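1. here is a sequence together with a model predicted from it:
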Amino acid sequence: MTGERVDRVFSALSDPTRRAVITCLSTGGPTTLARLAEELPVTRQAVAKHLAALEQAGLVSASAGGRSRTYRLTPGPLSEAMVWMVEVGGDWDSRLESLRRYVER
Amino acid sequence: MEPERFGRSMRVAAPLARVWPAISTSDGLEAWLGGEVEIDARPGRSVLVRWPDGSTSRGLVERVEPPHRIVFRWRRLEGAGLGLQVGEPTRVEISLTAETGDASRIEIVESAAPMPAAPVAVVSKDDRGAA
């Protein structure tokens, strides 16, 4: 997974409204822009903007449904980002063990 | 949730005087980091790690407080030419605290961070005169 892609995922998740959109899609399943705007305390325009950002990060996809496109969660990149985090954590775990052996020798 | 931050802490049976060189010199870092290290442990100077897979991590030293803290920012570069992939820049902070019994606590925090812009501010003669 490239750093750029991880960046997009984390940056998409850095906004509370976008996290709320993800929660809505996760608990309520695929839905339309209009429905999301009803559930969230922001304008329809704002929801559309956040959906576009989530789409760009690959976290949300829209089915071509004409005027009422349906948005659904595509959590693939999310788990890739988690894997990346675990890998970085794993890197440090093994490095720290080497550091311990080195200074305690 | 703080997804862009990794923290690890451990106690080692070695005094600060022994641990500090291990985190602030090229030879010391090379002994455990897992790559070839070139570091000039002074603020604004460079840090370079050549990893065994051919990638490198490059960055700048940000803070040095012997024998307690060193901070640098780096990013990983893989491939070359059009295939070059540049990883996200992160800030690595390694801090040491003395513990009883000639031991030390080592804490490492790596967090997402933009690279600093120009590391050195240049003040021209004209600017100084303007104040």
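-> Cool, got the structure.

2. now the helices for chain A?
-> Assigned by DSSP state H, chain A shows helices spanning A:3-13, A:16-28, A:33-39, A:44-56, A:76-104.

3. what's the most buried one of these?
-> Of all those, helix A:3-13 has the most neighbours on average by mean count of other C-beta atoms under 10 Å in any protein chain shown, namely a mean of 18. The C-beta positions use only the backbone N, C-alpha and C, and glycine is treated the same way.

4. tabulate the helices of chain A in a markdown table, adding columns for mean pLDDT and distance to B:Ile94.
-> Listed next are the helices of chain A as a markdown table, based on pLDDT from 0 to 100; distance: least, C-beta to C-beta, whole Å:
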| stretch | mean pLDDT | distance to B:Ile94 |
| --- | --- | --- |
| helix A:3-13 | 79 | 22 |
| helix A:16-28 | 88 | 31 |
| helix A:33-39 | 91 | 44 |
| helix A:44-56 | 93 | 35 |
| helix A:76-104 | 81 | 9 |
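
5. now the ones you listed as CSV including distance to chain B?
-> CSV is the format used below for the helices of chain A (distance: least, C-beta to the nearest C-beta, whole Å):
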stretch, distance to chain B
helix A:3-13, 4
helix A:16-28, 9
helix A:33-39, 21
helix A:44-56, 15
helix A:76-104, 4
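
6. B:Gly7 and A:Glu4, how far apart?
-> 24 Å (C-beta to C-beta, to the nearest Å).

7. please apply the same query to B:Ser95.
-> From B:Ser95 across to A:Glu4, the span is 30 Å (C-beta to C-beta).

8. for A:Asp15, same thing?
-> Distance of A:Asp15 to A:Glu4, computed by C-beta to C-beta: 19 Å.

9. go on, A:Pro75?
-> A:Pro75 is 19 Å from A:Glu4, by C-beta to C-beta.

10. for B:Pro15, same thing?
-> B:Pro15 sits 43 Å away from A:Glu4, going by C-beta to C-beta.
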